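J.: just the structure for this:
(one chain, ligands or ions: 2)
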Amino acid sequence: MNTPRRVEHQQTDRGTIPVYATGVVEQPWDDYSSVDHHVWGELFARQREVLDGRACQEFLDSQNVLQMTADAIPKFSELNPILREATGWELVGVEGLLPEYTFFEHLANRRFPVTWWIRKPEQIDYISEPDLFHDLFGHVPLLMNPVFADYMEAYGRGALKAHGISEEALLNLTRLYWYTVEFGLIRTDAGLRIYGAGIVSSKGESIYCLESDAPNRIGFDLERIMRAQYRIDTYQQTYFVIDSFEQLFDATRPDFTPIYARLANQPSIRARDVLDSDDVIHRGTREGFATDEDA
Ligand code: PHE
Ligand code: CO
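T.: Ligands and ions are numbered 1, 2, ... in the order given. You can find the predicted model right below:
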């Protein structure tokens with residue numbers, strides 16, 4: 001295998017454009033610098049502290065079982081036997097964003113693509129694209145949970161199917177991924193907790209999503225979520241709350257083909273909006289919300 005590249009978005013005079021890389025690469029572990037390991041360690045220690053009492057217990061426990069620590073960037077080759085044994089998933093290294101179809105093919109085959117490179121020290125608080133910290137720290141722990149692991153595979157298969165139906169169907173599914181896998185909250189006996197990877201890999205949003213009065217927190221509703229626009233450039237304006245991973249998996253079991261047909265005739269919903277039919281856990285004050293159009 002060739003030495004992997006660090007594929008990042010490109011800045012042009014017309015804004016940022018994403019750049020895609022298709023291949024699977026070996027994690028060049030020996031090539032990480034002490035700065036790379038240090039960035040990992042700092043982010044790891046900081047997030048573990050913030051997530052105590054904020055992330056769901058399944059996430060924290062699984063991270064312990066995987067033996068991730070602040071000491072060094074984990075080796076995919078050491079995580080894989082543990083993952084394979086637990087749920088049959090495996091990690092594959094990638095150079096950056098994958099084209100949609102390639103990404104879904106990996107999920108459908110229980111392979112999770114992890115970006116091999118980590119952000120720079122000046123990007124500790126914010127990076128606009130997935131890096132090793134987001135992918136590994138954020139996504140991989142829940143792949144140890146049997147129900148969530150099945151949901152992710154089913155999602156991959158469903159997305160391959162939606163891809164063959166229409167662009168709109170795929171957009172409906174992308175919103176579902178966004179509001180569950182990336183930004184989902186879960187109700188527990190101890191209160192609301194985080195399970196979304198986009199939240200657990202961000203210190204600011206880990207606190208904001210649970211403690212700020214500004215965003216809405218709304219009970220999970222499959223078709224409602226598939227109509228909801230989202231923002232990629234700010235904290236979320238609405239979070240959707242599941243009761244359990246079983247609820248999530250069960251709701252997504254049916255064939256979506258008739259659902260896509262139904263949704264095609266319905267307008268989308270702005271990220272900030274609350275509907276009369278919503279199961280409102282918290283109605284946001286919208287304080288500080290950006291007022292421009294959603295992405
Ligand atoms: N059941 C969905 C379908 O038939 C697939 C799916 C599963 C979608 C899980 C999302 C999550 O298309
Ligand atoms: Co992600």
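J.: in the stretch 151-295 of the chain, which spans are helices?
T.: Using DSSP state H, counting those that start in this stretch, the helices assigned to the stretch 151-295 of the chain run over residues 167-177, 197-200, 203-211, 222-226, 245-251, 257-263.
J.: ok, the stretch 1-150 of the chain next?
T.: Taking DSSP H, counting those that start in this stretch, the helices of the stretch 1-150 of the chain run over residues 34-51, 57-65, 76-87, 100-108, 132, 146-163.
J.: what is the neighbour count of the closest residue to ligand 1 within the stretch 51-200 of the chain?
T.: Ligand 1 sits closest to Gly158 of the stretch 51-200 of the chain, with a gap of 2.5 Å, by C-beta to the nearest ligand atom. (C-beta placed from N, C-alpha, C; glycine too.) Gly158: 22 surrounding residues under other C-beta atoms under 10 Å.
J.: for it, give me the pLDDT.
T.: What the model reports as pLDDT for Gly158 is 98.
J.: repeat for Tyr179
T.: Reported pLDDT for Tyr179: 98.
J.: show me what contacts it?
T.: 225, 228, 230, 238-240 (C-beta atoms under 8 Å, 6 or more residues apart in numbering).
J.: please, a ChimeraX command that selects the buried ones among those residues?
T.: Selection of the buried residues among the contacts of Tyr179 in ChimeraX, burial being defined by 16 or more other C-beta atoms under 10 Å:
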select :225,228,230,238,239,240
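J.: ligand 1 contacts on the stretch 51-200 of the chain?
T.: Proximity of the stretch 51-200 of the chain to ligand 1, by C-beta under 6 Å from any ligand atom, involves residues 151, 154-155, 158, 161, 173, 176.
J.: need the buried ones from those residues selected in PyMOL.
T.: Per 16+ other C-beta under 10 Å, the buried members of those correspond to this PyMOL selection:
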select buried, resi 151+155+158+161+173+176
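J.: picking up where we left off before, for the residue of the stretch 51-200 of the chain closest to ligand 1, give me its contacts.
T.: Residues in contact with Gly158 (C-beta under 8 Å, 6+ apart) are 173, 252, 256.
J.: what distance do you get for the nearest residue in space to the last one that is not next to it in sequence to Ser202?
T.: In space, and not counting its chain neighbours, Phe256 is closest to Gly158: 6.3 Å by C-beta to C-beta, 6 or more residues apart in numbering. The gap separating Gly158 from Ser202 is 27 Å, by C-beta to C-beta, to the nearest Å.
J.: so what touches stretch 212-224?
T.: Identification of contacts with stretch 212-224 by C-beta under 8 Å, 6+ apart yields 176, 180, 185, 192, 208-209, 235-243, 247-248, 251-252, 259, 262-263, 269, 272, 274-275, 277-289.
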